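Colleague: Structure, please.
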Amino acid sequence: SNAGTGALRTPGAITETYSPATTGDPATTVTYPDVAGSNVCMTCHLGRETGDVIKNDQDADGVRSFVNSHYLAAGATLFGESGYEYAGLSYAKPSYFAHDKIGSAAAAGTGTNGPCVGCHMTTPNSHKFTNVTKDTAGTITALTSTACITCHDGSHGTALTAGSADAATFLATEEHHYHAALDALEAALTSKGIYYYAAHPYFYTAPYVVGGTNTAFTNWAGVYGLAKWKDTMGAAFNYNLLHHDPGGYAHNRMYAKRLIFDAIDFIDNGVLDGTISVTGDA
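Modeller: Take a look at the predicted model:
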């Protein structure tokens with residue numbers, strides 16, 4: 001569970017304490033910047049666990065229940081703090097990444113209330129907290145946020161003009177590729193006998209049978225040995241984390257891609273060798 005500190009309700013930097021996965025384990029603490037009005041949003045969108053909770057787990061045999069990130073951890077992903085990050089690899093944001101600066105003086109013209117408000121509340125549909133419109137099939141048809149076009153004016157890549165067909169096509173394509181990559185990660189987990197289903201605790205030893213008897217997957221050491229049980233659960237954690245953040249491709253695209261790629265890279269053969277084999281359109 002996530003204890004929190006209460007700091008999210010007042011101005012200033014946000015210190016979030018993620019409770020230990022097991023009693024006696026060290027807690028995981030992350031400090032997020034003060035994002036003004038968006039602090040209200042961050043209260044519920046930092047997740048209940050981060051990947052570092054798994055790293056701090058002192059479990060002795062690698063047989064334990066899944067560490068669940070909970071839902072919609074967009075705030076933690078935006079600031080590059082949510083995922084299970086594999087040792088020896090860089091997850092630093094690229095120099096051009098500025099989504100975490102939206103709603104501040106560092107991103108002029110995007111407001112003063114932080115990235116959540118800057119993106120989701122600068123639209124004609126701000127009461128719905130959405131910055132796009134979708135058709136009945138769920139396909140993005142228009143970008144409605146005015147903050148996005150302040151920076152995405154074409155000078156730094158794709159121009160995203162509010163309401164334009166080009167913006168809708170670009171975002172719909174990004175969304176498709178994001179979910180296709182997650183599908184590839186799910187398939188890689190399945191190939192190792194780790195089956196996902198949208199019911200807690202999310203990972204099972206066989207395909208989930210509605211109304212049947214289902215056994216939670218707990219033997220993380222059984223895939224690649226005790227020394228690698230955390231990396232194995234970490235791959236499942238990254239899938240669950242991003243599957244429950246449908247806008248991850250926009251919140252922090254490069255971080256999300258890195259988490260997915262590295263999870264597939266590890267789970268396919270137990271080695272981080274920088275190569276993956278994927279079947280499909282990811």
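Colleague: Only C-alpha atoms from now on, for both contacts and neighbour counts.
Modeller: Noted.
Colleague: And the pLDDT for Ala165?
Modeller: Confidence at Ala165, expressed as pLDDT, is 60.
Colleague: do Thr5 as well
Modeller: Per the predicted model, pLDDT is 39 at Thr5.
Colleague: Could you give the separation between the terminal residues of stretch 92-104?
Modeller: 21 Å (Cα to Cα, to the nearest Å).
Colleague: for stretch 188-205, that is, sorry about that
Modeller: Stretch 188-205 has its terminal residues 14 Å apart, counting by Cα to Cα.
Colleague: same check, this time on stretch 135-147
Modeller: First residue to last in stretch 135-147 (Cα to Cα) measures 22 Å.
Colleague: Where in this protein is the helix or strand with the lowest mean pLDDT?
Modeller: helix 148-151 (a mean of 76; mean pLDDT, DSSP states H and E).
Colleague: what's downstream of that helix, the next helix or strand?
Modeller: Downstream of helix 148-151, the next assigned helix or strand under DSSP states H and E is helix 165-190.
Colleague: Now do that next one: which elements does it pack against?
Modeller: With contacts taken as 3 or more Cα pairs under 8 Å, 6 or more residues apart in numbering; DSSP states H and E, helix 165-190 sits against strand 140-143, strand 195-196, helix 229-243, helix 248-251, helix 253-269.
Colleague: one more time with 6 Å
Modeller: When contacts are defined as 3 or more Cα pairs under 6 Å, 6 or more residues apart in numbering; DSSP states H and E, helix 165-190 sits against strand 140-143.
Colleague: Each with direction, which strands does the strand it packs on pair with?
Modeller: strand 132-134 (antiparallel) (DSSP bridges).
Colleague: tell me the mean pLDDT over the strand it pairs with?
Modeller: 81.
Colleague: Buried ones in that strand, by neighbour count?
Modeller: Val132 (16 or more other Cα atoms under 10 Å).
Colleague: And stretch 237-248, by the same measure?
Modeller: Buried, per 16+ other Cα under 10 Å, within stretch 237-248: Phe237, Asn238, Tyr239, Asn240, Leu241, Leu242, His243, His244, Asp245, Pro246, Gly247, Gly248.
Colleague: got these as JSON lines, with pLDDT and distance to Gly193 columns?
Modeller: Shown next, in JSON lines, are the buried residues of stretch 237-248 (pLDDT from 0 to 100; distance: Cα to Cα, whole Å):
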{"residue": "Phe237", "pLDDT": "98", "distance to Gly193": "15"}
{"residue": "Asn238", "pLDDT": "98", "distance to Gly193": "17"}
{"residue": "Tyr239", "pLDDT": "98", "distance to Gly193": "15"}
{"residue": "Asn240", "pLDDT": "98", "distance to Gly193": "16"}
{"residue": "Leu241", "pLDDT": "97", "distance to Gly193": "19"}
{"residue": "Leu242", "pLDDT": "98", "distance to Gly193": "20"}
{"residue": "His243", "pLDDT": "97", "distance to Gly193": "19"}
{"residue": "His244", "pLDDT": "96", "distance to Gly193": "21"}
{"residue": "Asp245", "pLDDT": "95", "distance to Gly193": "24"}
{"residue": "Pro246", "pLDDT": "90", "distance to Gly193": "25"}
{"residue": "Gly247", "pLDDT": "91", "distance to Gly193": "28"}
{"residue": "Gly248", "pLDDT": "94", "distance to Gly193": "26"}
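Colleague: And the least confident helix or strand of the chain, what's buried?
Modeller: Buried residues in helix 148-151, defined by neighbour count with 16+ other Cα under 10 Å: Cys148, Ile149, Thr150, Cys151.
Colleague: on that earlier part again, what's the farthest-apart pair in the buried residues of stretch 237-248?
Modeller: Phe237 and Gly247 (17.0 Å; Cα to Cα).
Colleague: Report the separation between Trp199 and His244.
Modeller: Just to correct that, residue 199 is Ala rather than Trp. Computed as Cα to Cα, the Ala199 to His244 distance reads 12 Å.
Colleague: so where is the stretch 151-282 of the chain shaky, pLDDT-wise?
Modeller: 153-165, 278-282 (pLDDT under 70).
Colleague: Surely Glu16 and Tyr32 touch.
Modeller: No - Glu16 lies out of contact with Tyr32 (Cα atoms under 6 Å); the separation is 7.7 Å.
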